[in-house]
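> Fold the stuff below for me.
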Amino acid sequence: MVTLKIESELANKLALSLSQKPRANLQQLATMVGISKATLYRIVPTREQLVATLQQQAEQHITDSLLMADLSVPPYLDALSRFIKHILLKKELYIFWTISLGMNSDYGHVSTAHHSATMFLVSPLEAFFLKGQQAGIFRIDMPAVWLAKTLDYLVYAAADSSLRGEIASLKSVELVEKMFIAGATTTEPH
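Prediction:
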């Protein structure tokens, strides 16, 4: 399959549209994002290629977010903040990535591919939290993998609530940080 790249703003709109209507065809998606069917077909000739391209761009965004956060460098709370801020910059791609993982598996019967894709994000976060626990920053009574998955779900909730207008986009990073840090750290940071 040919590797495609969709312009960022259009990719965000298409990712959000597919997240909202997972069974939409290219004609419906074109209408949802405000472009012609012909334009969308020139960008991506099949729905399968569209999904694959958006998954690839979402994974690249997650990789970039992990790199930008530089999770290996203390102070750990600053690294955590950088990660949350960067991942929420393209919340539509993050939401799409998460939902597309669910579309490709049966709940309770997680495929190897689904598990690998999930661990692509959770593993580096787990290592980060383990280092933070060893440094006395994060609670040791909660497994590092649990902290990683909790952060992932909380970021998803903030992205989803922001897109639905339930919380202000500008406040989403602050809300995630407050909620997560209050429960994950050994003491309330100042």
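
> Okay, the residue lying farthest from the centre of the chain and residue 45: tell me how far apart.
Most distant residue from the mean C-alpha position of the chain: residue 38, 29.7 Å away (C-alpha atoms, centre = their mean). Using C-beta to C-beta, to the nearest Å, residue 38 is found at 11 Å from residue 45. To be clear about C-beta, it is placed using only N, CA and C from the backbone, and glycine gets the same treatment.

> follow-up on the earlier one: which of the helices or strands spans the residue farthest from the centre of the chain?
helix 37-43 (DSSP states H and E).

> what packs against that helix?
helix 26-33 (3 or more C-beta pairs under 8 Å, 6 or more residues apart in numbering; DSSP states H and E).

> Centre of the chain to the helix it packs on, how far?
Its chain's C-alpha centre and that of helix 26-33 lie 23 Å apart, by C-alpha atoms, centre = their mean, to the nearest Å.

> Please apply the same query to stretch 21-36.
Between the centre of stretch 21-36 and the centre of its chain there are 22 Å (C-alpha atoms, centre = their mean).

> Looking at the spatially most central residue of the chain now. What's its pLDDT?
Residue closest to the mean C-alpha point of the chain, counted by C-alpha atoms, centre = their mean, is residue 94 at 2.9 Å. Note on residue 94: pLDDT of 96.

> Name the residues that touch the helix or strand that it is a member of?
Using DSSP H and E, residue 94 sits within helix 91-103. Helix 91-103 is contacted by residues 11-13, 15-16, 18-19, 22, 51, 54-55, 57-59, 61-62, 87-88, 114, 117-118, 155-156, 158-160, 162-163, 169, 172 when judged by C-beta atoms under 8 Å, 6 or more residues apart in numbering.

> counting contacts, what elements does the helix or strand just after that helix pack onto?
Going down the chain from helix 91-103, the next helix or strand is helix 112-134, by DSSP H and E. Contacts defined by 3+ C-beta pairs under 8 Å, 6+ apart place helix 112-134 against helix 47-69, helix 76-89, helix 91-103, helix 144-163.

> Could you list the buried residues of helix 112-134?
114, 117-118, 121-122, 124-126, 128-133 (16 or more other C-beta atoms under 10 Å).

> Pull it out as PDB, backbone CA atoms only.
Extracted C-alpha coordinates of helix 112-134, given in PDB (Å, rounded to 0.1, in the frame of the first residue of the first chain):
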ATOM      1  CA  THR A 112      -2.300  -9.400  19.300                       C
ATOM      2  CA  ALA A 113      -2.300  -6.400  16.900                       C
ATOM      3  CA  HIS A 114      -4.600  -4.500  19.300                       C
ATOM      4  CA  HIS A 115      -2.500  -5.300  22.300                       C
ATOM      5  CA  SER A 116       0.700  -4.300  20.400                       C
ATOM      6  CA  ALA A 117      -0.900  -1.000  19.300                       C
ATOM      7  CA  THR A 118      -2.000  -0.200  22.800                       C
ATOM      8  CA  MET A 119       1.300  -1.000  24.300                       C
ATOM      9  CA  PHE A 120       3.000   1.300  21.800                       C
ATOM     10  CA  LEU A 121       1.700   4.100  24.000                       C
ATOM     11  CA  VAL A 122       1.400   2.400  27.400                       C
ATOM     12  CA  SER A 123       4.900   0.800  27.500                       C
ATOM     13  CA  PRO A 124       6.800   4.100  27.400                       C
ATOM     14  CA  LEU A 125       4.400   5.700  29.900                       C
ATOM     15  CA  GLU A 126       4.800   2.700  32.200                       C
ATOM     16  CA  ALA A 127       8.600   3.000  32.100                       C
ATOM     17  CA  PHE A 128       8.200   6.700  32.800                       C
ATOM     18  CA  PHE A 129       6.000   6.100  35.800                       C
ATOM     19  CA  LEU A 130       8.300   3.400  37.100                       C
ATOM     20  CA  LYS A 131      11.200   5.800  37.100                       C
ATOM     21  CA  GLY A 132       9.100   8.400  38.700                       C
ATOM     22  CA  GLN A 133       8.100   5.900  41.400                       C
ATOM     23  CA  GLN A 134      11.700   5.100  42.000                       C
END
